[in-house]
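1. just to be clear, the model below is a prediction. Sequence and coordinates:
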Amino acid sequence: MTRPLRIGLIGCGRWGRHILRDLVTLECETWVMTGDQEHAERALQLGAVRLVSSLDGLPESLDGYIVAAPTVYHGEIVLQLMNRQRPIFVEKPLTNDPRIAADIATRAPETVFVMDKWRYHPGIDEIGAVIRSGELGPLRQLSLRRVQWGCPHEDVDPVWILLPHDLSIILHLLGEIPAALYATARPGPDGSLLSMFAVLGASPQVTIEVSSVNPRTERAIVAGFEFGAAAMVDPMADHILIRRGSGLEATPESPERRAISQSLPLFLELERFVGHLRGGPPPLSCVADGAMTVRRLAQLRALAGFGRA
């Protein structure tokens with residue numbers, strides 16, 4: 001009988017608790033590092049086998065590590081864990097510092113991976129299948145919109161939290177993140193960025209809108225082709241939408257609903273990481289992908305007039 005994997009989870013807050021839940025479902029023995037008493041109590045209720053209050057308390061013999069701490073601590077934590085020569089799965093973004101991200105990518109190219117959950121979403125996979133099939137002709141434009149009211153993260157601004165999701169989707173669908181061409185952003189009273197509109201590449205052209213000051217919550221991805229469009233406008237739906245035609249004609253017909261799996265992306269990416277620890281393929285986003293995302297995000301902020309690339 002295969003022994004249970006032993007994984008160290010750093011952080012068990014708003015997102016870490018969901019990670020712990022799925023690790024327990026995957027029958028992993030999870031050690032949780034947290035300095036928050038409320039988070040510690042919750043971790044035990046969810047099935048953590050051991051609690052520690054520092055990285056030194058996590059055994060070096062664990063099979064792998066997952067970092068779900070606030071973004072500003074990602075770089076420091078990963079740099080400390082890298083010496084253990086065990087796979088590390090880091091919640092996105094890899095860091096909020098392009099230099100640290102590049103350093104990690106150089107020093108640990110095969111052991112650090114990024115948790116880009118949208119790359120595991122069945123709807124994104126299906127849009128990718130439409131692109132590859134050519135059934136609607138060449139891809140001309142990719143539009144992504146991720147807006148909401150407020151952002152619960154206090155360590156970095158909303159653009160650092162929202163935009164990495166869409167950059168990972170672009171990477172998944174196009175195989176690269178095109179060059180940053182234009183960006184404009186709205187700063188908050190404290191100088192943090194509350195929203196951004198950006199344009200990347202030209203063929204296909206990619207547009208992204210993210211915002212934490214929109215009264216409605218929306219998550220939409222629209223791929224525009226020569227002879228139609230494919231879209232996911234509800235990430236919880238059991239389908240994506242397909243329309244055929246040039247878009248110049250008014251058609252009363254309802255769009256085609258193409259069925260997709262309703263498997264949860266977080267569980268799928270954790271299942272992939274656990275499989276990798278047992279010798280299977282690595283997670284989809286390697287550390288180089290994570291560093292590229294951080295670099296492109298920094299470039300877009302600089303184009304918008306905030307910070308340096």
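-> That came in fine, so what should we check first?

2. can you pull out the helices in the stretch 201-309 of the chain?
-> Taking DSSP state H, counting those that start in this stretch as the test, the helices found in the stretch 201-309 of the chain are 265-277, 287-303.

3. name the helices or strands packed onto the first one?
-> Identification of packing neighbours for helix 265-277 by 3 or more CB pairs under 8 Å, 6 or more residues apart in numbering; DSSP states H and E yields helix 16-25, strand 64-67, strand 112-115. Backbone N, C-alpha and C define where each C-beta goes, glycine included.

4. and if we set it to 10 Å?
-> Under the contact definition 3 or more CB pairs under 10 Å, 6 or more residues apart in numbering; DSSP states H and E, helix 265-277 sits against strand 6-10, helix 16-25, strand 64-67, strand 88-91, strand 112-115, helix 122-133.

5. quick check: mean pLDDT across stretch 202-216?
-> For stretch 202-216, mean pLDDT rounds to 97.

6. what do you get for stretch 57-64?
-> 95.

7. so what touches it?
-> 3-10, 28-33, 50-52, 65, 81, 83-89, 111, 113, 273-274, 276-278 (CB atoms under 10 Å, 6 or more residues apart in numbering).

8. any buried residues in that stretch, and which?
-> 58, 62-64 (16 or more other CB atoms under 10 Å).

9. now do stretch 255-264
-> 255, 258, 260, 264.

10. domain parsing for this structure?
-> 6-116+267-287, 119-263+296-301 (automatic domain parsing).

11. ok, back up a step: let me know the closest of the buried residues of stretch 255-264 to Ala101.
-> Ranked by distance to Ala101 (CB to CB), these are led by Leu264 at 27.3 Å.

12. any idea of the pLDDT on that closest one?
-> 97.

13. tell me the spacing between it and Glu271.
-> 10 Å (CB to CB, to the nearest Å).

14. poorly predicted segments of the stretch 151-300 of the chain, please.
-> Residues of the stretch 151-300 of the chain meeting the criterion pLDDT under 70: 249-252.

15. hmm, try it at 50
-> Low-confidence segments of the stretch 151-300 of the chain (pLDDT under 50): none present.

16. which stretches in it count as strands?
-> For the stretch 151-300 of the chain, the strands defined by DSSP state E, counting those that start in this stretch cover 180-187, 193-200, 205-211, 213-225, 228-232, 239-244, 256-259, 285-286.

17. nearest to Arg145, of the buried residues of stretch 57-64?
-> Of the buried residues of stretch 57-64, the one sitting nearest to Arg145 (CB to CB) turns out to be Gly64, at 34.4 Å.

18. not counting its neighbours along the chain, what's nearest that closest one?
-> Excluding its sequence neighbours, the residue lying closest to Gly64 (CB to CB, 6 or more residues apart in numbering) is Pro87, at 4.4 Å.
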